[in-house]
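1. I need the structure of the sequence given here:
(one chain, ligands or ions: 1)
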Amino acid sequence: MKLNYREFFMQKMLIMFKPEDIDISAKDFISTYASYMEDVGIVGKGPDGYALYPSRTAPVREEHIAFFEEWVRLTDALGIHGVVGVDLYTDGWFARDPKYQTMNDKGVKMEHQICPNRKEFWQYGAEIVKEIGSYPINEILLFGTGFIRDHFCFCERCRKEFAPLVDQEPDRLTYQFITENPEHHEKWHQWRSDKIHEGLGYLQEAATESDDTTGREQPLKLSVEVLLDPETGLSEGAKNEYGYDYARIGEITKNVLINLYPWSPVLPTKGSSEYDNLVESLYFVNEFTRRGGRASLFRWGVTTVEQLQELKALGKDVGIDRIVTTFHYPSDYSRRRESAIGNY
Ligand SMILES: [Zn+2]
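-> Here you go, the predicted model:
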């Protein structure tokens with residue numbers, strides 16, 4: 001597929017690239033399009049868990065190091081807002097170790113996703129934020145920051161920690177047991193949400209530390225991806241399904257990246273009741289920005305200017321002027337989609 005990049009850049013949007021998207025050198029690409037770019041993004045650690053820079057923490061895709069380093073050096077030199085993407089709990093390499101895989105109450109393990117209740121993984125993520133933050137960049141987009149669904153996580157550690165809160169034996173803790181009692185269910189939501197935001201706190205600390213080390217003028221921003229899909233109850237449902245608390249994200253990192261309809265191929269059309277529901281579910285953004293936060297709209301796999309204009313029109317209706325896209329879906333998209341909207 002041959003894309004007219006200039007046409008996209010002229011729409012004033014942030015595009016997140018993978019080196020594979022580009023068939024020329026970073027230098028040739030950036031110098032060709034620099035005059036159209038206000039900001040641009042590159043993957044730093046993808047869902048396969050591999051880093052594109054010489055990480056001392058994560059495994060490395062050696063073949064992309066030169067591209068990555070030249071890219072961030074040039075965007076900085078040319079005064080372009082530099083953004084790097086990082087997949088957090090969606091980490092195929094780390095999840096090779098079954099000990100870290102998240103699982104449901106039937107013991108079905110997810111081979112692509114880490115249990116968010118892992119302090120050692122927060123430290124791992126924090127190291128990666130520090131490493132990427134040592135480059136002259138302005139922002140990190142954090143993808144995959146929540147639980148897979150409300151039915152997670154029932155790994156040994158989560159059972160052991162949560163079961164006593166509802167007077168149950170760890171081995172006998174089931175999703176049904178939790179959901180049968182509204183108080184238990186509410187505790188479950190709160191407990192999971194605490195884990196997500198405690199983890200984010202580690203990453204924000206790491207970002208701040210990298211500001212001190214590099215003497216960066218403006219603080220390194222961490223934009224936290226939140227999924228917003230009709231299958232999981234739009235913004236309200238997402239709190240309980242994935243563990244997000246928008247107000248807390250606002251306090252911790254101040255930046256949220258709203259991944260619209262990640263599990264659906266099309267967005268609702270303006271004028272439909274579904275569109276109105278979507279707009280309504282984005283009302284939380286008003287409060288988020290009033291408290292000093294910044295929200296961006298995000299969508300995977302935007303390959304036409306029409307799709308982009310559709311996003312911008314929605315942004316206008318909900319008071320969000322920043323649009324972030326990728327040309328591709330994540331490499332593990334089908335597995336992610338299946339685990340997010342599957343039946344448990
Ligand atoms: Zn767990």
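2. Pull up the per-residue confidence for Glu111.
-> The confidence metric pLDDT takes the value 89 at Glu111.
3. Val83 looks like it's in a helix, true?
-> No. Secondary structure assignment places Val83 outside any helix; it is strand (DSSP: H, G, I helix; E, B strand; the rest coil).
4. how deep is it tucked in, by neighbour count?
-> Neighbourhood size, Val83 [other C-beta atoms under 10 Å]: 24. Where C-beta positions appear, they are placed from N, C-alpha and C, glycine not excepted.
5. Let's verify the residue nearest to it when sequence neighbours are not counted: helix, strand, or coil?
-> With C-beta to C-beta, 6 or more residues apart in numbering as the criterion, Val83 has its nearest non-adjacent residue at 3.7 Å, and that residue is Gly41. Look at Gly41: counting by three-state DSSP, its state is strand.
6. Show me what the helix ranked longest in the chain is packed up against.
-> Of all the elements of type helix in the chain, the one with the most residues (DSSP state H) is helix 182-214. Under the contact criterion of 3 or more C-beta pairs under 8 Å, 6 or more residues apart in numbering; DSSP states H and E, helix 182-214 touches helix 119-133, strand 139-143, helix 156-162, helix 175-180, strand 221-228, helix 234-242, helix 246-252.
7. Chain neighbours aside, what residue packs nearest to Ile24?
-> Leaving out its chain neighbours, the residue that sits closest to Ile24 by C-beta to C-beta, 6+ apart is Thr32, at 7.9 Å.
8. which secondary structure element contains that neighbour?
-> Following DSSP states H and E, the helix or strand that holds Thr32 is helix 26-33.
9. What residues of that helix count as buried?
-> Along helix 26-33, these residues count as buried under the neighbour rule (16 or more other C-beta atoms under 10 Å): Ala26, Phe29, Ile30, Tyr33.
10. would you list these in CSV and tack on distance to His64?
-> Compiled in CSV, those are given as follows (distance: C-beta to C-beta, whole Å):
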residue, distance to His64
Ala26, 10
Phe29, 14
Ile30, 15
Tyr33, 19
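11. So what's the residue count around whatever residue of the stretch 1-150 of the chain ends up closest to the ion?
-> Using C-beta to the ion, Cys115 is the residue of the stretch 1-150 of the chain that sits closest to the ion, at 3.2 Å. Here the count is done by other C-beta under 10 Å, and Cys115 has 25 residues near it.
12. Verify the contact between it and Lys99 for me.
-> No. Cys115 is beyond contact range of Lys99, at 9.0 Å (criterion: C-beta atoms under 8 Å).
13. helix, strand or coil for Val256?
-> The three-state assignment at Val256 reads strand, by three-state DSSP.
14. Tell me the bridge partners for it.
-> With DSSP bridges applied, Val256 shows beta-bridge pairing to Val224, Ala295.
15. Enumerate every residue touching the residue nearest the centre of the chain.
-> Of all residues in the chain, the one closest to the mean position by C-alpha atoms, centre = their mean is Phe143, 1.9 Å from it. For Phe143, the residues meeting the contact criterion (C-beta atoms under 8 Å, 6 or more residues apart in numbering) are Pro47, Gly85, Val86, Asp87, Leu88, Thr90, Glu225, Pro330.
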